[in-house]
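> Sharing a model that was predicted from the sequence below.
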Number of protein chains: 2
Amino acid sequence: MPSIKDVADIAGVSTATVSRVLADKPHVRPQVRERVLAAVESLNYRPNLVARSLRVQKSNKIGLIVADIQNPFFTSVSRAVEDLAYQHELSVFLCNTDENPEKEDIYLDLMQDENVAGVIIAPTRQTASAFTEAIKLDLPMVIIDRRLPGVGIDSVLIDNVDASYRLTEHLIADGHRRIAAMFGMDSVTGSQRYQGYAQALKDHDLQPSSDLVIHVNAREEEGYQAAKQLLNRTQPPDAILTSNGLLSVGAFRALHESKVAIPDEIGFASFDETGWTTLVDPPITIIEQPTYEIGQAATELLLKRIETPARPAREIILKANLVVRNSCARH
Amino acid sequence: MPSIKDVADIAGVSTATVSRVLADKPHVRPQVRERVLAAVESLNYRPNLVARSLRVQKSNKIGLIVADIQNPFFTSVSRAVEDLAYQHELSVFLCNTDENPEKEDIYLDLMQDENVAGVIIAPTRQTASAFTEAIKLDLPMVIIDRRLPGVGIDSVLIDNVDASYRLTEHLIADGHRRIAAMFGMDSVTGSQRYQGYAQALKDHDLQPSSDLVIHVNAREEEGYQAAKQLLNRTQPPDAILTSNGLLSVGAFRALHESKVAIPDEIGFASFDETGWTTLVDPPITIIEQPTYEIGQAATELLLKRIETPARPAREIILKANLVVRNSCARH
DNA sequence: AGTCTTGCTGCAAACGATTACAATATTTTT
DNA sequence: AAAAATATTGTAATCGTTTGCAGCAAGACT
């Protein structure tokens, strides 16, 4: 691998001049610039990013730390972040915490050690206090997907209360009354979605009965079990709402297996567009999160933060989309 | 951020000694080691990876370059690579080429500029000659998913001919005769799968008729259109085989929309376990690729290559799994 | 006691860029 | 034509590590 020194030698100038040419700085004769460029060409020289990063104490990388890379929500967000980063000539370092706080710490440290310009993160921690370690790193940072109350950090979130409210209201409008719902445990997102659900019921003079509300870990198997259990009750619910893509798969599988008719015997509505919702019978009514927009907004926010580290933190809240299909309205 | 110099000052030693302690090298008095460790602790010192990487001319990062991060096949592979890397204290730099050779080049260069220890890549190029740019970088490298004939590079692949043969044979065994099939265009993978399909037909005294074989780009929309077109023929096929997850979604959507009964009116079988295949009616018979094993094997191969750059290249070929469900056998 | 190991530690030179600053050359101004 | 301003280029320090080499102390051997 040729270094800047080699280029300088061939062009018959100093490394400083080469550096200036490459950085498009003024104060270099056109003739000399030519020579340098020719030398660069002939050697197929590429500047060493590690050395540059060491010298200028920053880099053109950003980190993207997500909780689960197999979750379509995150891959779609990643896609957006990647696209924007590419446009700005940044590269992205994608990490997967697996919802594991320990891994999260390791990756956060790594980001700092790698001199990244900034980080976009979907934190596994649910409270600001548990996240202080990360905050004090003072890296440009933006949080996505999970609200961390009280930390003064740029965030891009969706309006979970609203989304859940509308989904619930939709079920109510279709005549469902005993609406069971599953929410992710120990997550702000989950509790916000519960809130919207409960509010919608109240606003329509329905009592949120505690035996219809289920809090579980957001895993397919748990969604399956919970749905099974609901169906086996002496008085099963009119409808089931699931607040997360993984729970949805599990719940749907249970309904499907039990051969209960959707929507005539039981209504079904859920969160997240996951690719299968239009293929099954009936197509599922869902809340679609604007994943690409989330990634975009997060990247833009991060770029601004990098540019102006002192600017006041901003919280961007996007509305989700209710996509009505045929899993709610009885015939 | 404290540097090794700060640690050295506090511990009252030279930076060389600190470095030796941190690298667990011999020749340092236990007492001194103690002092250094204490200083490290008190300052919360973390070595600067960029500086280290510059000095030793390598790093603990590996690159993973995939074609489409939204494809479950690749996310699953990534997951495996990540797990193994994590165990070996490596971090992974995940890049998305979007099947774009230009992006591929950029990322490949970036990998080199970042001093990564090695790269795992699913090349977008279909021929070795188009890939020479990459090869001459002489980075430790392993290729996954797509066979690049004639390059002497470690690869882990699945036996596409065999997989496709078995899937076709399965359809034949279930009584289908006029079996249409869609293959990805311009890809070795696609043509291997075609090969297996054609061979299976021949071995069962069936003629592979050219009007039943469709070569398209591996996109959902093209699968949809192709399937529509097949169904609208005066003499539609007995069965459809799709050789790729995206084509499958499209084709299935078309079948579903046309309300043609699977498998009684038409058989359906496809590649890739994509999450929806068991949720639809009927569940789809598929070839399941051992994605996790692919990622594992690739990482192991890469680690060995890094350790012994001169070892002979190896090609690991994994068999895929035929998962029989209810989309082929007529009642 | 003198010489040889051996163990411990520090000095200083890398790694490959960027960038103050100084030095020189060129142009403009008076 | 001299002085001042400006443009061009080079020198050398710097970023934070690692590591070859040398120095020195202490113990082992003759």
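Ah, there it is.
> show me what contacts A:Pro236?
Shown here is A:Pro236, whose contacts under the criterion CB atoms under 8 Å, 6 or more residues apart in numbering or on different chains are A:230, A:266. (Each C-beta comes from the backbone N, C-alpha and C, glycine too.)
> rerun that using 6 Å as the cut-off
Contacts of A:Pro236 were listed using CB atoms under 6 Å, 6 or more residues apart in numbering or on different chains, and none were found.
> Checking my notes, it in a strand, right?
No: assignment of A:Pro236 by DSSP: H, G, I helix; E, B strand; the rest coil gives coil, placing it outside any strand.
> Quick check, pLDDT for it.
Looking at A:Pro236, its pLDDT is 94.
> All the strands of the stretch 151-300 of chain A, in order from the start?
Per DSSP state E, counting those that start in this stretch, the stretch 151-300 of chain A has strands spanning A:154-158, A:179-184, A:213-216, A:239-242, A:267-271, A:285-288. These are given in chain order.
> Now for the nearest residue to A:Met141 once chain neighbours are set aside, how many residues are close by?
Sequence neighbours aside, A:Val119 is the residue nearest to A:Met141 in space, at 4.9 Å (criterion: CB to CB, 6 or more residues apart in numbering or on different chains). Other residues within reach of A:Val119 by the criterion other CB atoms under 10 Å in any protein chain shown amount to 24.
> Just checking: what are the partner strands of the helix or strand harbouring A:Val119?
Per DSSP states H and E, A:Val119 falls inside strand A:118-121. When sheet partners are counted by DSSP bridges, strand A:118-121 sits next to strand A:61-66 (parallel), strand A:141-144 (parallel).
> Mean neighbour count and mean pLDDT added to these, as JSON lines?
Putting these into JSON lines (neighbours: other CB atoms under 10 Å in any protein chain shown; pLDDT from 0 to 100) gives the following:
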{"stretch": "strand A:61-66", "mean neighbour count": "25", "mean pLDDT": "95"}
{"stretch": "strand A:141-144", "mean neighbour count": "26", "mean pLDDT": "96"}
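> Including distance to B:Leu84, could those strands go into JSON lines?
Converted to JSON lines, these look like this (distance: least, CB to CB, whole Å):
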{"stretch": "strand A:61-66", "distance to B:Leu84": "19"}
{"stretch": "strand A:141-144", "distance to B:Leu84": "27"}
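> In TSV: these, plus distance to DNA strand D.
Putting the strands paired with strand A:118-121 into TSV (distance: least, CB to the nearest atom of the strand, whole Å) gives the following:
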stretch	distance to DNA strand D
strand A:61-66	17
strand A:141-144	21
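> if we can go back for a sec, for the strands of the stretch 151-300 of chain A, which one sits closest to chain B?
Ranking the strands of the stretch 151-300 of chain A by distance to chain B, with CB to the nearest CB as the measure, places strand A:267-271 first at 12.3 Å.
> Show me where chain A has its helices.
A:4-11, A:15-22, A:30-43, A:49-56, A:72-87, A:101-113, A:132-135, A:160-173, A:188-203, A:220-231, A:245-257, A:291-307 (DSSP state H).
> pLDDT averaged over the shortest one - what is it?
Here helix A:132-135 scores 76 as its mean pLDDT.
> right, is that helix up against chain B?
No: no part of helix A:132-135 sits near chain B under the criterion CB under 6 Å from any CB of the partner chain; the closest distance found is 10.9 Å.
> which residues are in contact with that helix?
For helix A:132-135, with CB under 6 Å, 6+ apart as the criterion, the contacting residues are A:Leu108.
> how about the residues of the stretch 51-200 of chain A that lie near DNA strand D?
Within the stretch 51-200 of chain A, the positions lying close to DNA strand D (CB under 7 Å from any atom of the strand) are A:51, A:54-55, A:57.
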